[in-house]
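A.B. asks: just the structure for this:
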Amino acid sequence: MDASMLRVLSILIVLVSNLALANPEQLINHTFTQISQRMASFKEASLKDIDQILKQELEPIMDMERMSKLVLGDHWKRASLKQKKRFMQCFNRQLRQGQADSLQTWHTGKWSVRATTYNNSGSKVAIEIDMMMKQEVRHMLLRLYKSGDRWYIYDAAFNGISLLKNYRDDYALKIESLGLGKTLAKLCQHYPLPVKKLVMAANEWPPFIGRSLPGQGFSVELVSQVLKRAGYQVSMAFAPWRKVMKGMEKGKYDISVAAWSNADRKKQLLFSAPYYHNQLVVISATQKINTIDAFQHALLVGKKNLGLMEDYAYDQLIPQGSTISYHQHYGPLLRKLASNEVDMALLDGDVARHILHSMGSLKTRLQVPTTTVHSRSLHMTMLKDHPAAKEVMVDFNRWLQVYLVSDDYQKLLAKYQLARYELNSNGN
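C.D. replies: Numbering: from 1, shown residues only. All right, here's what the predicted structure looks like:
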């Protein structure tokens, strides 16, 4: 059997490894639908994209131990526990790489189940499938066994030739020639484990970032989930914005989880595609301001004094000559607003609402408007000179576009009760 046939057949090992409950034919259709929808969410899924789809959707339910035993045969019994574990990991990556390669020629969403045949006891089943590839229709046979109330794939065949038998024969020859140790070393050298660990960092900024929040905040959860889908391992650290930037420059941190863009920051940082839009509102104890023009008029003509947060990229929103006081934390600024020490503040509505909720004494004296005067896009950032910045950004942006149309994104918005605002015509 040629290499292309092996790759095509190996797709099926993963595609239907999650055939679990009840009717395996229904489950295979469900599995193929799941894979095809994930692939279709990309304009053009790359090998790396497909590999991650297979890993995330199907690998957790693959019986790699059973498959590895079948491939190694008697050599499995003589292998040490460490060798067995290593073979399962590297052979799994070999299978998945072949599957990803073959799926690029699959007309996404086009397949059909021709027949389903059970053995006499009903413990095994053979499912005949047609897959519409770019050049032809492939006829394949999947073999599954039942354990308890679950179904597991254990082999696939093309023209009556077993996929695992081909692998078993291939590895038998290699082991006879090189021995198990060298064969295993070559396998794992050819299919290495890509360890990609990134350290994220950000300042406390609830509900987007917070140590005590479930999931450590909306931004932390979202960026973590997208990067994990792209195949990265992540950890999180908390520090003020300026220390985050210094930490990135020293190589202590790789990623800033949440940032607004401006011209100065773009000189040093790469920005991801936006994953949220922060809604800026004007909060005041004495007046309502619902447009950016009215806000700027109050500063220039009304001579109102303004409270702002330090290290925020307000960009060109604040007129020159304005009377401004800067604050490191929302709490003190909100108290000054309530006591009229500060006339008004330009703040993110979601953050102000979250902080006010925990400040019971101010709830009746300050209200967060439901009309925004300006909108700022929120991004993940990395230093331009980070050696992996371009690769990470490409991966993040590709998987972000998938995530933003998923149910997971909607659930995350609901989890953090992010407010819905009416965008004023003078905002952007």
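A.B. asks: show me where the stretch 201-350 of the chain has strands.
C.D. replies: 233-238, 255-259, 269-271, 276-283, 305-309, 323-327, 344-348 (DSSP state E, counting those that start in this stretch).
A.B. asks: got those strands as TSV, with distance to Leu163 columns?
C.D. replies: (C-beta placed from N, C-alpha, C; glycine too.) As requested, the strands of the stretch 201-350 of the chain are exported to TSV (distance: least, Cβ to Cβ, whole Å):
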stretch	distance to Leu163
strand 233-238	31
strand 255-259	40
strand 269-271	43
strand 276-283	45
strand 305-309	59
strand 323-327	64
strand 344-348	55
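A.B. asks: which among those strands is found nearest to Arg398?
C.D. replies: strand 269-271 (14.9 Å; Cβ to Cβ).
A.B. asks: element containing Lys411?
C.D. replies: helix 407-415 (DSSP states H and E).
A.B. asks: what comes up buried for that helix?
C.D. replies: Asp408, Tyr409, Leu412 (16 or more other Cβ atoms under 10 Å).
A.B. asks: so what's the second one up against?
C.D. replies: Under the criterion of Cβ atoms under 8 Å, 6 or more residues apart in numbering, the contact list for Tyr409 reads Leu222, Tyr403.
A.B. asks: which stretches of the chain have low pLDDT?
C.D. replies: Within the chain, the ranges that satisfy pLDDT under 70 run 1-22, 60-61, 107-108, 193-195, 419-428.
A.B. asks: give me the longest helix you can find in it.
C.D. replies: Determined from DSSP state H, the single longest helix within the chain is helix 81-103.
A.B. asks: tell me what that one is packed against?
C.D. replies: The elements that helix 81-103 packs onto, with contact taken as 3 or more Cβ pairs under 8 Å, 6 or more residues apart in numbering; DSSP states H and E, are helix 3-15, helix 47-57, helix 64-72, helix 180-190.
A.B. asks: so Phe238 makes contact with Arg211?
C.D. replies: Yes - using Cβ atoms under 8 Å, Phe238 is in contact with Arg211, at 5.8 Å.
A.B. asks: list residues touching both of the two?
C.D. replies: With Cβ under 8 Å, 6+ apart as the test, Phe238 and Arg211 both reach Glu204.
A.B. asks: between the two, which one's more packed in?
C.D. replies: Neighbour totals were compared for Phe238 and Arg211, and Phe238 leads with 19 against 11 (other Cβ atoms under 10 Å).
A.B. asks: OK, contacts around the more buried one?
C.D. replies: Phe238 touches Ala201, Ala202, Asn203, Glu204, Ile209, Arg211, counting by Cβ under 8 Å, 6+ apart.
A.B. asks: switch the cut-off to 6 Å
C.D. replies: Arg211 (Cβ atoms under 6 Å, 6 or more residues apart in numbering).
A.B. asks: also the one 10 residues further on?
C.D. replies: For Met248, the contacting residues are Leu383, by Cβ under 6 Å, 6+ apart.
A.B. asks: how about Ala172: what's its closest non-neighbour residue?
C.D. replies: Leaving out its chain neighbours, the residue that sits closest to Ala172 by Cβ to Cβ, 6 or more residues apart in numbering is Gly73, at 6.9 Å.
A.B. asks: scratch that, Pro240 is what I was asking about
C.D. replies: Asn203 (5.2 Å).
A.B. asks: and the gap between the one you found and Thr105?
C.D. replies: 47 Å (Cβ to Cβ, to the nearest Å).
A.B. asks: ok, those two, which is more surrounded?
C.D. replies: Asn203 (21 against 16).
A.B. asks: quick check: that one touching Trp241?
C.D. replies: Yes - the pair Asn203 and Trp241 qualifies as a contact (Cβ atoms under 6 Å) at a distance of 4.9 Å.
A.B. asks: burial count for the closest residue to Asn290 other than its chain neighbours?
C.D. replies: Leaving out its chain neighbours, the residue that sits closest to Asn290 by Cβ to Cβ, 6+ apart is Thr371, at 4.6 Å. Thr371: 17 surrounding residues under other Cβ under 10 Å.
A.B. asks: show me the contact partners of the one helix or strand Lys110 maps to.
C.D. replies: Taking DSSP H and E as the criterion, Lys110 maps to strand 106-118. Residues from elsewhere that reach strand 106-118, judged by Cβ under 6 Å, 6+ apart: 25, 32, 36, 39-40, 125-133.
A.B. asks: who wins on neighbours among the residues you listed?
C.D. replies: Ile127 (24 neighbours).
A.B. asks: surely it and Leu144 touch.
C.D. replies: No - assessed by Cβ under 6 Å, Ile127 is found out of contact with Leu144, at 7.0 Å.
A.B. asks: if we can go back for a sec, next, format the buried residues of helix 407-415 as TSV and append distance to Met309.
C.D. replies: Output for the buried residues of helix 407-415, formatted as TSV (distance: Cβ to Cβ, whole Å):
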residue	distance to Met309
Asp408	30
Tyr409	26
Leu412	24
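A.B. asks: and the closest residue in space to Ala258 that isn't next to it in sequence, how many neighbours?
C.D. replies: Leaving aside its chain neighbours, Ala258 sits nearest to Ser219 (4.2 Å; criterion: Cβ to Cβ, 6+ apart). Close neighbours of Ser219, defined as other Cβ under 10 Å, add up to 26.
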